[in-house]
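below: sequence and its predicted model.
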Amino acid sequence: MVCLGNICRSPLAQGIMEKYAPENWTVDSAGTSGWHEDERPDTRSILIAKDRGIRIDHQRSRQVNETDFEIFDVIFAMDSSNYSNLIQLAPDEQSKSKIHLILNEVSPIENRQVPDPYTGGQQGFVHVYNLLEEAIQSFIKKH
Ligand code: 4NP
């Protein structure tokens, strides 16, 4: 699960995926930037996750790296900026093919974005949570 800062959207995506995924899946999140290296998720993400019964406060931000393309089978980008940055970082074609916009799990080909909630209020985080839950449940159903 990849966003820009790895403190707002992707920690929520990680927490939701961990809730619904089979136990033998490895789930993680990272940011295309290293701006918030080793920070815990934004308090607004922690709050909406807690409201929905998910704990994410143990997560720590890290930057995505080339090894992620070896470890993971699927890499979800939250928006098209994250997507482009991941494509640039991917070492080969097989790695590029692992990268998907997460909302295409709900509405394929439309390339909808999970909006960056960082500069807004709590309602933006609730919206992000709801978008992510729908996309992740849709992905899980197909796998
Ligand atoms: P995220 O949100 O990519 O969902 O973690 C952001 C967090 C921090 C910043 C931007 C977006 N920032 O500019 O520091």
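Looks like it came in fine.

give me the neighbour count for residue 16.
A count of nearby residues for residue 16, using other CB atoms under 10 Å, gives 24. Glycine gets a C-beta too; all of them are placed from N, C-alpha and C.

test my guess that it contacts residue 132.
Yes. With contact defined as CB atoms under 8 Å, residue 16 reaches residue 132; the gap is 5.4 Å.

around the ligand, pick out the residues from the protein.
3-9, 35, 116, 118 (CB under 6 Å from any ligand atom).

check for me that residue 12 belongs to a helix.
Yes. When DSSP: H, G, I helix; E, B strand; the rest coil is applied, residue 12 is found to be in a helix.

so who does the residue nearest to it when sequence neighbours are not counted touch?
Nearest residue to residue 12, sequence neighbours excluded (CB to CB, 6 or more residues apart in numbering): residue 45, at 5.2 Å. Residues in contact with residue 45 (CB atoms under 8 Å, 6 or more residues apart in numbering) are 7-9, 11-12, 56, 125.

what packs against the longest helix anywhere in the chain?
Across the chain, the longest stretch assigned as helix under DSSP state H is helix 122-142. Applying 3 or more CB pairs under 8 Å, 6 or more residues apart in numbering; DSSP states H and E, one finds that helix 122-142 contacts helix 9-20, helix 43-51.
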